[in-house]
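A.B. asks: When you get a sec, could you give me coordinates for this:
(one chain, ligands or ions: 1)
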Amino acid sequence: MDKEILLGDEAVALGAVHAGLTAGYSYPGTPASEIMEYLIKVGQKTKAFIASWSVNEKTAFEEALGVSFAGKRALVSMKHVGLNVAADPFMSASLTGANGGFLVVVADDPSMHSSQNEQDSRFYAQFAQIFCYEPADHQEAYDMTREAFDLSEKMNIPVMIRMVTRLSHSRAGVETRDPHPPNELHYGARQCWTLLPVNARVQFKKVLDRQPELVKLAEASRFNKLEINPDDKSLGVIASGIAYNYVLENFKNAAKKPSILKVSTYPLPEELVKELIARVETVLVAEEGYPLIERSLKGLFGLPGKRLIGKLSGHLPLAGELSPETVRQALALKPLERQTLGDFKLTGRPPQLCVGCPHADTFKALNKALEGSGKPGVFSDIGCYTLGYFPPHNAINTCVCMGASVGMAKGAAEAGVHPSVAVIGDSTFGHSGITPLLSAAAFNTNMVLIILDNCTVAMTGGQPSFSTGARLLKIIEGVGVPKEHIRVITPLPKFHEQNVQILREEIEHPGISVIVAVRECLEEARKKSKRA
Ligand code: SF4
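C.D. replies: Down below sits the predicted model:
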């Protein structure tokens, strides 16, 4: 048995490697990126498995599903909003089932450290009616990943591991075990993989029928633990995932703890939940994300004869992350003494583009080109360029989800907004901007799409882009944008006037135009020159 210091994401990745992984796929997104970064590093060194970035999460999911159908073990990882993109195959994979072990790792970002919304992926697992593990610490992230592959093969289902930012991005020691060898190729077409209605109906029935078995598995799971304090009936705590640690932290030096049920799997271990509830008068539910467990217990009418507290009762915050302090308050414990910094003040560091970033030059030219044009709509996408919202740029009006800028600019143009401009990065365009451009080109919509080609996925650490350079230009032409309205500019101060002129010409063109602003991300250029 070895011990390694690992990020939570790395513990999942190493667990997958040791479980006999054949292939892993992902699209970059905080806080999940480090899973694939780690797999790529180890995969390149050992050549024992495939690990690669995909064009988007849906593609990644389908690639992994193909590996599973071939009888081999596969992992797909993504951030929470990535599962929205992959939701279509995710929901159907619940019906097709898995062949080789198939793991869906989703990292949620409560408090939105690096995301446009808060989501709780446990609901997706519940929605698809599959099994889900929620690790409380790094060791569990490793152990659960290994076990999840076995369970996936035993039950022929995809299995989810739900991570959260604090676990994904913190480090701790993890004891590892001997690796499992990869599966042999074991492919043979099955009726259940072809979801025609005649087969899908049969499969959906199986999804429903297997639920009691999943509850039994949850009941027997070594990761769900019930500790009863027979001397204290006043309070019982149900805590899941990282919130379990926050509860324990508050009882670190205490002579006695309340009864605690640690929940680590979904569906819920119903008998354990019932047992805890039967033993106490008040039940506190501490869970990171939405009040999934609490809502399940509360139902429409609450828990007869019991007091149920948590997020819905206002004892814990509904929005944002939990912390040891917020959990302490809910436990009605005396606040800990605080150390203060006196008059010392930290200087605020508002997010901003790097000094000299090519996007800043593009925004400067765009703002100039739009001067005097009434109320232009500038629909942005998700990337470093979203920081164009802040001063001094004040250049964009929206940021909704990956690829949304193009379709929104089309819709706004059709509603009468002029100029209607979309701004998207090269990788985000590949992720989900191509199909809306296909639509805008087909209708020759009066809009301008600006693709900021900085040759990388800059915001998440410089992963490779699938739609950059010459390939990007071919895609734009291929979806039907007239060649004369595909313009390439270089966002540098010395070309400012020229760029403004090109932008004005295309804004005036009464149809679809695409302007590609090509200049490498400075961070990537720096990294390359260091490596050289
Ligand atoms: S990382 Fe690159 S793209 Fe992002 S702000 Fe810095 S220079 Fe610009």
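
A.B. asks: Torsion angles phi and psi at residue 384?
C.D. replies: In terms of degrees, to the nearest 10, the main-chain angles of residue 384 are phi -50, psi -30.

A.B. asks: Surely residue 406 forms part of a helix?
C.D. replies: Yes: applying DSSP: H, G, I helix; E, B strand; the rest coil, one finds residue 406 inside a helix.

A.B. asks: Find out how far the longest helix anywhere in the chain is from the centre of the chain, if you would.
C.D. replies: Longest helix in the chain, counting residues (DSSP state H): helix 138-155. Helix 138-155 has its C-alpha centroid displaced from the chain centroid by 20 Å (Cα atoms, centre = their mean, to the nearest Å).

A.B. asks: and that helix, which residues are buried?
C.D. replies: Buried positions in helix 138-155, judged by neighbour count with 16 or more other Cβ atoms under 10 Å: 138-149, 151-153, 155. Where you see a C-beta, it was placed from the backbone N, CA and C, and this is true even at glycine.

A.B. asks: just so I have it, where are all the strands in the stretch 401-532 of the chain?
C.D. replies: Using DSSP state E, counting those that start in this stretch, the strands of the stretch 401-532 of the chain run over residues 420-425, 447-453, 486-489, 512-518.

A.B. asks: need those strands in JSON lines with mean pLDDT, can you?
C.D. replies: Formatted as JSON lines, the strands of the stretch 401-532 of the chain follow (pLDDT from 0 to 100):
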{"stretch": "strand 420-425", "mean pLDDT": "98"}
{"stretch": "strand 447-453", "mean pLDDT": "98"}
{"stretch": "strand 486-489", "mean pLDDT": "98"}
{"stretch": "strand 512-518", "mean pLDDT": "98"}
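
A.B. asks: For the longest helix of the chain, name the packing helices and strands.
C.D. replies: strand 2-7, helix 8-18, strand 102-108, strand 131-133, strand 159-164, strand 171-176, helix 211-220 (3 or more Cβ pairs under 8 Å, 6 or more residues apart in numbering; DSSP states H and E).

A.B. asks: now, of those, which is deepest in the fold?
C.D. replies: strand 102-108 (a mean of 29; mean count of other Cβ atoms under 10 Å).

A.B. asks: So the residue located most distally from the centre of the chain: helix, strand or coil?
C.D. replies: Distance from the centre of the chain peaks at residue 231, with 42.6 Å (Cα atoms, centre = their mean). Here residue 231 is recorded as coil under three-state DSSP.

A.B. asks: That one against residue 256, yeah?
C.D. replies: Yes: between residue 231 and residue 256 there is a contact at 6.9 Å, judged by Cβ atoms under 8 Å.

A.B. asks: Could you give the backbone dihedrals for the residue most central in space within the chain?
C.D. replies: In the chain, the residue lying closest to the centroid (Cα atoms, centre = their mean) is residue 79, at 0.9 Å. As for residue 79, its main-chain torsions (degrees, to the nearest 10) stand at phi -80, psi 170.

A.B. asks: Quickly note the distance from it to the ligand.
C.D. replies: 18 Å (Cβ to the nearest ligand atom, to the nearest Å).

A.B. asks: Tell me, how many residues neighbour residue 226?
C.D. replies: Neighbours of residue 226 under the rule other Cβ atoms under 10 Å: 18.

A.B. asks: Could you list everything it pairs with in the sheet?
C.D. replies: On the basis of DSSP bridges, residue 226 is bridged to residue 261.

A.B. asks: was I right about it contacting residue 278?
C.D. replies: No: using Cβ under 8 Å, residue 226 is not in contact with residue 278, being 11.2 Å away.

A.B. asks: Generate TSV for the strands of the stretch 401-532 of the chain, with distance to the ligand as supplementary columns.
C.D. replies: Output for the strands of the stretch 401-532 of the chain, formatted as TSV (distance: least, Cβ to the nearest ligand atom, whole Å):
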stretch	distance to the ligand
strand 420-425	8
strand 447-453	8
strand 486-489	16
strand 512-518	11
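
A.B. asks: Reformat those strands as CSV; add mean neighbour count.
C.D. replies: Formatted as CSV, the strands of the stretch 401-532 of the chain follow (neighbours: other Cβ atoms under 10 Å):
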stretch, mean neighbour count
strand 420-425, 30
strand 447-453, 29
strand 486-489, 18
strand 512-518, 24
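
A.B. asks: I'd like the ones you listed laid out as JSON lines, including distance to residue 352.
C.D. replies: Listed next are the strands of the stretch 401-532 of the chain as JSON lines, based on distance: least, Cβ to Cβ, whole Å:
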{"stretch": "strand 420-425", "distance to residue 352": "17"}
{"stretch": "strand 447-453", "distance to residue 352": "16"}
{"stretch": "strand 486-489", "distance to residue 352": "23"}
{"stretch": "strand 512-518", "distance to residue 352": "19"}
